[in-house]
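Trainee: test case, fold it:
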Amino acid sequence: MEKDSEMKLVNAVELKTVTGEVIKLEDEGLSLWTNPENGDMTYFTYRDGRISVKSPSDGKLQYQVLRKMKQLAEELEANVQGDDGEFY
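Mentor: Numbers count the residues shown, from 1 in each chain. Here you go, the predicted model:
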């Protein structure tokens, strides 16, 4: 994390629902990635030796998140694997 200026360890996030309710998520491995190309932000979670991310449904943004996941995996000598066991 310290070497990646695009990632920031945040450990907690507060989100507001469409009804205005505030939901707080606390997790020691929660990090925020800011895409340097457009400023979009995506949360990554590290737990039990795995990095997880909720991939967006937007095709272009999904590609950018996957590219970041592959970069992190390469640095960690790991793989990017989907929910159904597929490798990217």
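Trainee: just give me the neighbour total for Lys54.
Mentor: Taking other CB atoms under 10 Å as the neighbour definition, Lys54 ends up with a count of 10. Placement of C-beta: from N, CA and C, glycine included.
Trainee: where's the nearest residue to it once chain neighbours are set aside relative to Thr34, distance?
Mentor: Here the nearest residue to Lys54 in space, its sequence neighbours aside, is Tyr43; by CB to CB, 6 or more residues apart in numbering that works out to 7.2 Å. In this view, Tyr43 and Thr34 are 11 Å apart by CB to CB, to the nearest Å.
Trainee: I'd like to know how far the residue nearest the centre of the chain sits from Leu61.
Mentor: In the chain, the residue lying closest to the centroid (CA atoms, centre = their mean) is Phe44, at 2.6 Å. Going from Phe44 to Leu61 by CB to CB gives 14 Å.
Trainee: give me the below-cutoff pLDDT ranges for this structure.
Mentor: Judged against pLDDT under 70, the low-scoring parts of the chain cover residues 1-2, 56-57.
Trainee: for it, what's the longest strand?
Mentor: For the chain, the strand with the greatest residue count under DSSP state E is strand 41-47.
Trainee: for that strand, list every residue counted as buried.
Mentor: Within strand 41-47, the residues that qualify as buried by neighbour count (16 or more other CB atoms under 10 Å) are Thr42, Tyr43, Phe44, Tyr46.
Trainee: which neighbouring elements make contact with that strand?
Mentor: The elements that strand 41-47 packs onto, with contact taken as 3 or more CB pairs under 8 Å, 6 or more residues apart in numbering; DSSP states H and E, are strand 30-34, strand 50-53, helix 59-75.
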